[in-house]
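Student: Sequence first, predicted coordinates after that:
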Number of protein chains: 2
Amino acid sequence: MNGIDPGWLPPEAFRPLGARRVLIRGRSGPLVGTVRGEVVDACGRFGGELVREGAQDLLLELTEGGPGLGDEGFAFARERGTTTVTASGGRGLLYGLFHVVRLGEEAFTGSRPREVHRPAKAVRMLDHWDNVAVHPVMGQVERGYAGGSLFWREGRARGDLERVRAYGRLLAACGINAVSVNNVNVHETEAHLLTDRIGEVAAIAGALRPYGIRTHLSVTFAAPVVLGGLSTADPLEDAVRDWWAQAVRGVYEAIGDFGGFVVKADSEGQPGPFTYGRSHADGANMLAAALAPHGGTVHWRAFVYDHRQDWRDRTTDRARAAHDHFAPLDGEFADNAVLQVKHGPMDFQVREPVSPVLGALPRTRLAVEVQATQEYTGQQRHVCWLGPMWSEVLRFRPEGGAGPSVGESVRELVAVSNVGDDPFWTGHPLAQANLYTFGRLAWRPDADPYTVLDEWIGLTFPSAPERLVRGLRAVLDGSWRTYEKYTAPLGVGFMVQPGHHYGPSVDGYEYSPWGTYHFADRDGVGVDRSAATGTGYAAQYAKPWAEVYESPGTCPDELLLFFHHVPYGHVLRSGRTVIQHIYDTHFEGVEEAEQARRVWAGLADLVEPARHARVAERYEEQVRGAREWRDQVNSYFLRKSGVPDAKGRPIY
Amino acid sequence: MNGIDPGWLPPEAFRPLGARRVLIRGRSGPLVGTVRGEVVDACGRFGGELVREGAQDLLLELTEGGPGLGDEGFAFARERGTTTVTASGGRGLLYGLFHVVRLGEEAFTGSRPREVHRPAKAVRMLDHWDNVAVHPVMGQVERGYAGGSLFWREGRARGDLERVRAYGRLLAACGINAVSVNNVNVHETEAHLLTDRIGEVAAIAGALRPYGIRTHLSVTFAAPVVLGGLSTADPLEDAVRDWWAQAVRGVYEAIGDFGGFVVKADSEGQPGPFTYGRSHADGANMLAAALAPHGGTVHWRAFVYDHRQDWRDRTTDRARAAHDHFAPLDGEFADNAVLQVKHGPMDFQVREPVSPVLGALPRTRLAVEVQATQEYTGQQRHVCWLGPMWSEVLRFRPEGGAGPSVGESVRELVAVSNVGDDPFWTGHPLAQANLYTFGRLAWRPDADPYTVLDEWIGLTFPSAPERLVRGLRAVLDGSWRTYEKYTAPLGVGFMVQPGHHYGPSVDGYEYSPWGTYHFADRDGVGVDRSAATGTGYAAQYAKPWAEVYESPGTCPDELLLFFHHVPYGHVLRSGRTVIQHIYDTHFEGVEEAEQARRVWAGLADLVEPARHARVAERYEEQVRGAREWRDQVNSYFLRKSGVPDAKGRPIY
């Protein structure tokens, strides 16, 4: 598309495939049509050929009832000069094709024994927090930093399905197979997507379907009241259940492969089952029952807490809330109800412990939700590649060494999308790496994120010289830890400007109703969440972790202030005091951001001018912002602690 | 008008007048028509009579060329059973009529020698910060807390001139004679009021004219560019001067008695003469020249400062800015240019010193600008009667004991209006007292504000029993000091939530670009503005005040932190330490707010239910808000200072 960045699918990435003779064999269907289109396009560009018989370099074969590949798996092999992708479902064939693209020339070199590739998770989902009507505060996309919505504009569907199709193609190429098309905060206009405006959703679903993507919808729990005119939305009322059953029938008439609902209930002002004295299992199961006959799923978010807390009350702990609410409901959720759990107990801070909910409901289908959109991590004005953070979450073993990892135990991965109608898709061109990495981790949660990053670099910058590859690694690899360094220290979180969440405000959420406090005084800082003397949050973990987190002596440094209130002179496991750590990391973080800016500047000759300029411009803002973070945080703690910087650097 | 509160002109207030025989004598005219209408209406209601000859109780006489009363003055007398109001201009007669209303039965009792009443200031003005188009952040009325605008709604004139007329009547009854009808921040839509949309302004002017009110307009300095298509707005360019001259001719063709322009230039992003390397005198005089042939005036605001300051830089001081910019220009402004100066050097905080600008330009027409709309004083959810604060400003003698007071030396008084389309006009019914008090102080700056408040009580609650009068005094008299107590201590200011400015945030403006800092650290708090060691602001005052403010030992307690950075243990002139003062006043302030709420609750039987309920509901919010202020400010300073409250009260 003109003027739209090709992301990780630039034409050049198709050269190896496009220069070959390709045979597509087996039954046809819409996804095979997609594969064929890709091949024809690539061969037309690079001189290869889609052959109908005879010698071939690449065989793409769809075989009925393949050997346990399922709909999405594929087998890849190369022998005697022919590369073969075999799949038993259309999606598998498409993913196999993109695997060939990823491998590049390597896919056509030497011999390779048969490898089977299957996604570890059946649902790999992106949630869009896109509003249909522009919200007076949140705008077209809630927490969106990449322009408007791909789907909606000022109250209506955009209708530009070419862009949606291009989006679906990018998603398929990193393995995503589900998209929820509207904000979990369902306002008045958006409520109608479920019923009289389902046609607009169906059009989007039609554009995403050729890429193997099922469409989901966020709905309001109050729909029977606000749309159906019922007097109640009580999930145990027959009339309510009937209303939902009928609404769901209408949805499936419009979208035969509809994925299901996403629901934010009893959360931050959204309606939910608590209104009727019912449990979240009651609520979720009612929707699950309506969806089950059609093969749909309800994604029920576990983000439930008291957002009107009294900051004076140190016994209530927002971090505890999801576990307190949902752990007792384990085993009560229907098979097609998925409990969607944020990766940390708070809200997508740059550093949080892994949510104890992820180890607390063994008999419940869990999805872990991460945030690709960088609400608290620089809002796509700062480079912050989140691969290592997500990987840490997925590798975390809630029961300790012997038990399964989060990546093994959860059933699904969900990310809040970072995409909008920006020409670079993600505002910051380098933020595309987050979207790509999420898709690949959802496919294979134990993948090494740095390998995934290299994949993204290889695809996005085909034939990149080594200097460019090294430069991109240099600015991305450590960017999450850099961002952590110059923002909120030691897991303390939420030192952000209220409302829009961009930029520092150390006390911004300190006296608020949101349950987000650091309790800094002249002597120390941090939240005591121990079982012995604090809120007891640490005890929500299984024993090994509960013990580790319980004591400042064993708690990992990077989470110390999340779990403990300590004096500024407390000596970290690193050997530094807390206060000196705050100063040092903030100076280091800025230096690292400045260094990344220099590295990027040095790549000007290797990156196309528009992309280079966009990133360079954002680095100006990142460095400015990092300095602001450094100076505000350091000044705040110097003024409070009175402890001078050991290195005598300027603090105000 | 149905459903609209009559304010200080309830029908009952007209009973004494309306029960009399009234004779109106002398030449006629529009304002005499207004007077006649009032009399006919009152007599129709209360059994009196407008007589054409013969015996009368009240004579309202307009005599050509009266004895030095001017257009606005009147003489009042009573002898031999007849009360006489004499005026030589229509406005004078109207003000005389409202004087009779104010006096009530007293106007018709005994004998009274001839008294002459003349306004001390020729212009007594209200500025409306009303937007025509709803601003995405500021809404219909910038800093408005009383519903929408009386004049504009969603991009257009409302057209409801009956309400505008009723407004003009209220204003005339407290002596206001000028209204500016749009926000000093002139956005794109509003710019057009000057030219192609002047008809909408003319309609408003037509509705206000019968009450002696001239209409003014806020204009953008960039008008020749944005409206006229010129390439410059340089005030010394002939083309620019010609453009303004022609624009002004157009305005006077539409509004023959147009008052003039209000201009916010080179301020908070508004364009101004600095763009062209010209001075503010150049800018103001150009507009003054265009207005002079028609008798118009330009009100040029002195609110000029660097709003992109670096908080790390302690040498730049916003408080200095207006004096630095304007004092050197004394004598350079045209006769019909008025320099409009905020009463304090910052921005309408609950406590500021009087602006040194008010004593620094003896050869310039100055207007003092106060803020009736309670941006920083509770936003009409809290009771905060500002009469005593304004009176302190007006009684301040910039040159010390011998020199004139501000009230004597300034040429005009201007207030930012607190009125909107709310049924009670001002959101909080008791906030009407601020509007009334402003009008009366503009008429007579040395008036005792408590006497004015009693006037307002007497008019608004006619025949109020003593218990109600005492109750109203109890909740209003000290409300400004109560608000000061539970908010920002000792003149420190700006401990408010950024943006909307409601509620506490001690560090909300501490690390901002707005020049608004308190520099609290673990040892002390306050801004050193002394000449010896600080920003030198104190030296902007004439000698007596410069000396008083220079030293913490002589600086008044209530301004200590505005002028000095002191340790928490610093002993105030009151004998308390700064930190104990902070604790004590915050506890006292809340107790006073709670007590006021109790007093108001006890008046339920004496106040009409709708008014009582509205005030009672706002008291709930005021008490909640006061407690929030108390606890946040006290906790902040306890955490920082480590000094416990001497009385052991709860601090968090």
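Tutor: Happy to help now that I have it. Numbers count the residues shown, from 1 in each chain, chains lettered A, B, ... in the order given.
Student: for stretch A:262-281, what is the average pLDDT?
Tutor: Across stretch A:262-281, pLDDT averages out at 95.
Student: chain center to it, what's the gap?
Tutor: 23 Å (Cα atoms, centre = their mean, to the nearest Å).
Student: Quick check: end-to-end length of it?
Tutor: 14 Å (Cα to Cα, to the nearest Å).
Student: contact partners of that stretch?
Tutor: A:127, A:180, A:184-186, A:216-222, A:232-236, A:282-284, A:287, A:298-301, A:303-305, A:307, A:325-326, A:329, A:332-333, A:337, A:340 (Cβ atoms under 8 Å, 6 or more residues apart in numbering or on different chains). (C-beta placed from N, C-alpha, C; glycine too.)
Student: Kindly supply the PyMOL command isolating those of those that are buried.
Tutor: The buried residues among these can be selected in PyMOL (16 or more other Cβ atoms under 10 Å in any protein chain shown) with this line:
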select buried, chain A and resi 127+180+184+185+186+216+217+218+219+220+221+222+233+234+235+282+283+284+287+298+299+300+301+303+304+305+325+326+329+332+333+337+340
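Student: out of the contacts of stretch A:262-281, which are inside strands?
Tutor: Counting by DSSP state E, those place A:D127, A:S180, A:H216, A:L217, A:S218, A:V298, A:H299, A:W300, A:R301, A:A337, A:Q340 in strands.
Student: What pLDDT is listed against the last one?
Tutor: A:Q340 is assigned 98 on the pLDDT scale.
Student: likewise the third one?
Tutor: The model reports A:H216 with a pLDDT of 98.
Student: and it, what is it in contact with?
Tutor: A:M125, A:A178, A:V179, A:S180, A:V181, A:F258, A:G259, A:G260, A:F261, A:V262, A:H299.
Student: 6 Å instead?
Tutor: Going by Cβ atoms under 6 Å, 6 or more residues apart in numbering or on different chains, A:H216 touches A:A178, A:S180, A:G259, A:G260, A:V262.
Student: for the fourth one, phi and psi?
Tutor: In terms of degrees, to the nearest 10, the main-chain angles of A:G260 are phi 140, psi -170.
Student: which residues does it contact?
Tutor: Applying Cβ under 6 Å, 6+ apart, the residues near A:G260 are A:H216, A:L291, A:G296, A:T297, A:V298.
Student: For it, give the beta-bridge partners.
Tutor: Counting by DSSP bridges, A:G260 forms beta bridges with A:H216, A:T297.
Student: same deal with the second one?
Tutor: In this structure, A:S180 has beta-bridge partners A:D127, A:H216, where bridges are defined by DSSP bridges.
Student: who touches the residue of the stretch 201-350 of chain A at minimum distance from chain B in this structure?
Tutor: As assessed by Cβ to the nearest Cβ, chain B sits closest to A:R312 within the stretch 201-350 of chain A, at 4.5 Å. Counting by Cβ under 6 Å, 6+ apart, A:R312 touches B:Y652.
Student: Quick check: which element contains it?
Tutor: Per DSSP states H and E, A:R312 falls between elements, in no helix or strand.
Student: Read off the pLDDT value for it.
Tutor: As predicted, A:R312 sits at a pLDDT of 97.
Student: gap between it and A:D347?
Tutor: 21 Å (Cβ to Cβ, to the nearest Å).
Student: before we move on, the earlier item: among the contacts of A:G260, which two are most distant?
Tutor: A:H216 and A:L291 (10.5 Å; Cβ to Cβ).
Student: And A:V85, its phi and psi?
Tutor: phi -120, psi 120.
Student: Excluding covalently adjacent residues, which one is nearest to it?
Tutor: A:G96 (3.5 Å; Cβ to Cβ, 6 or more residues apart in numbering or on different chains).
Student: Can you tell me how far the one you found is from chain B?
Tutor: 49 Å (Cβ to the nearest Cβ, to the nearest Å).
Student: can you pull the contacts of that residue?
Tutor: A:F74, A:V85, A:A87.
Student: repeat that with 8 Å
Tutor: Residues near A:G96 by Cβ under 8 Å, 6+ apart: A:L60, A:F74, A:A75, A:F76, A:V85, A:T86, A:A87, A:H117.
Student: how close does it get to A:T63?
Tutor: Counting by Cβ to Cβ, the gap from A:G96 to A:T63 is 12 Å.
Student: joint contacts of the two?
Tutor: Shared contacts of A:G96 and A:T63, counting by Cβ under 8 Å, 6+ apart, come down to A:T86, A:A87.
Student: Measure how buried the residue of the stretch 101-250 of chain A found nearest chain B is and give me the count.
Tutor: Residue of the stretch 101-250 of chain A nearest chain B, by Cβ to the nearest Cβ: A:P136 (8.1 Å). Neighbour count for A:P136, taken as other Cβ atoms under 10 Å in any protein chain shown: 8.
Student: What residues does chain A have near chain B?
Tutor: A:311-312, A:504-508, A:511, A:520-523, A:628, A:631-632, A:635-636, A:638-642, A:652 (Cβ under 8 Å from any Cβ of the partner chain).
Student: out of the residues you listed, which are inside helices?
Tutor: Among the residues of chain A next to chain B, DSSP state H puts A:E628, A:D631, A:Q632, A:S635, A:Y636, A:L638, A:R639, A:K640, A:S641 in helices.
Student: Show the contacting residues for the third one.
Tutor: With contacts taken as Cβ under 8 Å, 6+ apart, A:Q632 has the following neighbours: A:P504, A:S505, A:V506, B:Y511.
Student: now with 6 Å?
Tutor: So A:Q632 contacts A:P504, B:Y511 (Cβ under 6 Å, 6+ apart).
Student: Same check on the fifth one?
Tutor: Remark: with contacts taken as Cβ under 6 Å, 6+ apart, A:Y636 is in contact with A:V506.
Student: which SS class is A:T189?
Tutor: helix (DSSP: H, G, I helix; E, B strand; the rest coil).
Student: Would you check that it makes contact with A:V132?
Tutor: Yes: using Cβ atoms under 6 Å, A:T189 is in contact with A:V132, at 4.8 Å.
Student: Please, where are all the helices along the stretch 201-350 of chain A?
Tutor: Along the stretch 201-350 of chain A, counting by DSSP state H, counting those that start in this stretch, helices occupy A:223-226, A:238-254, A:280-291, A:321-326.
Student: Show me how far the second one is from its chain's centre.
Tutor: Okay, so that is helix A:238-254. 30 Å.
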